[in-house]
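**Q** here is a sequence with its predicted model. Questions after.
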Amino acid sequence: MHPPARTVALLLNVAHAFDHLFLLIFATAVAAIAADFGFQRWEDLMPYGVGAFLMFGLGSLPAGKLGDSWGRRPMMLLFFFGMGASALLVAATQSPWQLAGALALLGAFSAIYHPVGIPMLVQGSKTPGATIGVNGLSGNLGIAAAALTTGFLVQLAGWRAAFAVPGLLCIALGLLFARIVPAEAQPPSKRKAGQAVDLPPGALARVLVVMTVASAAGGLLFNLTTNGNGQFLAERLRGLVHDPATIGLLLAGVYALASVSQVVVGRLLDRVPLKRLQLGIVLCQAPLLAAASQAQGWWLYATLLGVMVLIFGAIPFTDAVIVRYVDDSLRSRVAGLRLTLSLGFSSAAVWALGPVVKSAGFATLFLVMAGISLFTAAALLAMPGEPARARA
């Protein structure tokens, strides 16, 4: 007997939350880890985490290929058990280079979700935009959970517990997924073709190139903010907030509220042309990022909320393009290739974050991000218009 589709969707959405939660634990706990390993500044430890984000991108290509050819269910089981075991390994590390290696392994398993879990979620969906929006909300609630739970676990039990506790929960979730979700009759690559919108080869190539460029630029903004916001708030709220648990709570509030934007955008994707909607969101990012570069105190907190609403709101577009224009039998491979290119590039943000902040400060960083938003908007102008039947 097959489980209800909603049950499978719930498990896949929770998996998305875990994926993003694990990737942000290090950035949230970096000050505590740096102190434990004898670093004087958190910025000096930050480059050791780049391997996780590099593998998050590079691992997407083989993950997507295996998702289509081997099957999406077995790849999701590998995701749960691999992520959980890797997190336990991170918690056991005793040196910065051991930490870097364990985080890279964690990133390799985390790479499975996006090219495998999202195509598994939207296959057969009649409202893919809304489905992607709810899935995006789930992923970003994982980011909020990382800020909240990591801050409290670091304060109560130390940074190792911040990896070990969710690691054990992830393994338990994998056991539940194995019990509830049935085996696939055949892998996606052997299934009958679906109903993707047919575009001329030149137009489709242009769509995929613009999508990849916009995704890479959006990934830079996403990585720079989600990895740097904890220290950014600690700096700009100095004198108002003192302990990491409160910073984590404030940051979780920003992420939880901003996540709702993905549900709104997801519903609009089923009704409004992609290009017009995405261009409007990206153009609004630049002035808010510029304002955040100068704001202080609680005004900074309000401005940062607006920034994250727009950065999170731009995330669903890439998956919506793939669902609309790529057949289901190929989606994991196309998503994997796109993620390898865009996330492999945007992983440089994690490596550069500490040195840039140390030498130039957060004000310069946010002005650079405003420039990235304007570049993204220019790239989106090259996106071809949609056929009327695609919007219908």
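**A** Cool, the structure landed. Numbering: from 1, shown residues only.
**Q** for the helix or strand hosting residue 253, packing partners?
**A** Secondary-structure assignment from DSSP states H and E places residue 253 in helix 244-269. Judged by 3 or more C-beta pairs under 8 Å, 6 or more residues apart in numbering; DSSP states H and E, the packing partners of helix 244-269 are helix 5-36, helix 128-157, helix 201-236, helix 274-294, helix 297-313, helix 316-325. The C-beta positions use only the backbone N, C-alpha and C, and glycine is treated the same way.
**Q** mind checking the SS state of residue 186?
**A** coil (DSSP: H, G, I helix; E, B strand; the rest coil).
**Q** tell me the spacing between it and residue 98.
**A** 41 Å (C-beta to C-beta, to the nearest Å).
**Q** go on, residue 128?
**A** In this structure, residue 128 and residue 98 are 42 Å apart, going by C-beta to C-beta.
**Q** okay, these two: which has more neighbours?
**A** residue 128 (22 against 15; other C-beta atoms under 10 Å).
**Q** before we move on, the earlier item: figure out which of the helices and strands packed on helix 244-269 is closest to residue 244.
**A** Closest approach to residue 244 among the helices and strands packed on helix 244-269 (C-beta to C-beta): helix 128-157, 4.8 Å.
**Q** how far off centre is the closest one?
**A** 10 Å (C-alpha atoms, centre = their mean, to the nearest Å).
**Q** what residues of that helix count as buried?
**A** By 16 or more other C-beta atoms under 10 Å, the buried positions in helix 128-157 come out as 128-154.
**Q** could you figure out how far that helix is turned away from helix 297-313?
**A** Counting by axes from the mean of the first three to the mean of the last three C-alpha atoms, to 10 degrees, helix 128-157 lies at 140 degrees to helix 297-313.
**Q** what helices and strands are in contact with helix 128-157?
**A** Helix 128-157 sits against helix 5-36, helix 113-122, helix 159-180, helix 244-269, helix 316-325, with contacts defined as 3+ C-beta pairs under 8 Å, 6+ apart.
**Q** where does this structure have low pLDDT?
**A** Scanning the chain for pLDDT under 70 picks out the ranges 1-4, 124, 189-201, 328-329, 343-345, 347, 350, 385-392.
**Q** any idea how far residue 156 is from the residue nearest to residue 15 when sequence neighbours are not counted?
**A** Here the nearest residue to residue 15 in space, its sequence neighbours aside, is residue 117; by C-beta to C-beta, 6 or more residues apart in numbering that works out to 5.7 Å. With the distance defined as C-beta to C-beta, residue 117 ends up 31 Å from residue 156.
**Q** ok, back up a step: dump the helices and strands packed on helix 128-157 to JSON lines, plus distance to residue 225 and mean neighbour count.
**A** Converted to JSON lines, these look like this (distance: least, C-beta to C-beta, whole Å; neighbours: other C-beta atoms under 10 Å):
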{"stretch": "helix 5-36", "distance to residue 225": "10", "mean neighbour count": "21"}
{"stretch": "helix 113-122", "distance to residue 225": "19", "mean neighbour count": "26"}
{"stretch": "helix 159-180", "distance to residue 225": "20", "mean neighbour count": "18"}
{"stretch": "helix 244-269", "distance to residue 225": "10", "mean neighbour count": "21"}
{"stretch": "helix 316-325", "distance to residue 225": "17", "mean neighbour count": "24"}
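**Q** shouldn't residue 80 be in contact with residue 169?
**A** No. Counting by C-beta atoms under 8 Å, no contact exists between residue 80 and residue 169, whose distance comes to 10.0 Å.
**Q** okay, and the common contacts of those two?
**A** residue 18 (C-beta atoms under 8 Å, 6 or more residues apart in numbering).
**Q** picking that back up, next, format the helices and strands packed on helix 244-269 as TSV and append distance to residue 180.
**A** As requested, the helices and strands packed on helix 244-269 are arranged in TSV below (distance: least, C-beta to C-beta, whole Å):
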stretch	distance to residue 180
helix 5-36	6
helix 128-157	17
helix 201-236	30
helix 274-294	34
helix 297-313	29
helix 316-325	24
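**Q** and the ones you listed: which comes nearest residue 181?
**A** Shortest separation from residue 181 across the helices and strands packed on helix 244-269 is recorded for helix 5-36, at 5.7 Å, computed as C-beta to C-beta.
**Q** quick check: next helix or strand after the closest one?
**A** Sequence-wise, the next helix or strand downstream of helix 5-36 (DSSP H and E) is helix 42-45.
**Q** next, the angle helix 113-122 makes with the helix or strand just after that following helix.
**A** For helix 42-45, the following helix or strand on the C-terminal side (DSSP H and E) is helix 50-58. Per the same axes, to 10 degrees, the angle that helix 50-58 makes with helix 113-122 is 40 degrees.
**Q** what's next to stretch 40-54, contact-wise?
**A** With contacts defined as C-beta under 8 Å, 6+ apart, stretch 40-54 is touched by 23, 26-27, 30-31, 33-34, 37, 39, 96-97, 99-101, 103-104, 106-107, 110, 223, 227, 231, 343-344, 346-351, 353-355, 357-358.
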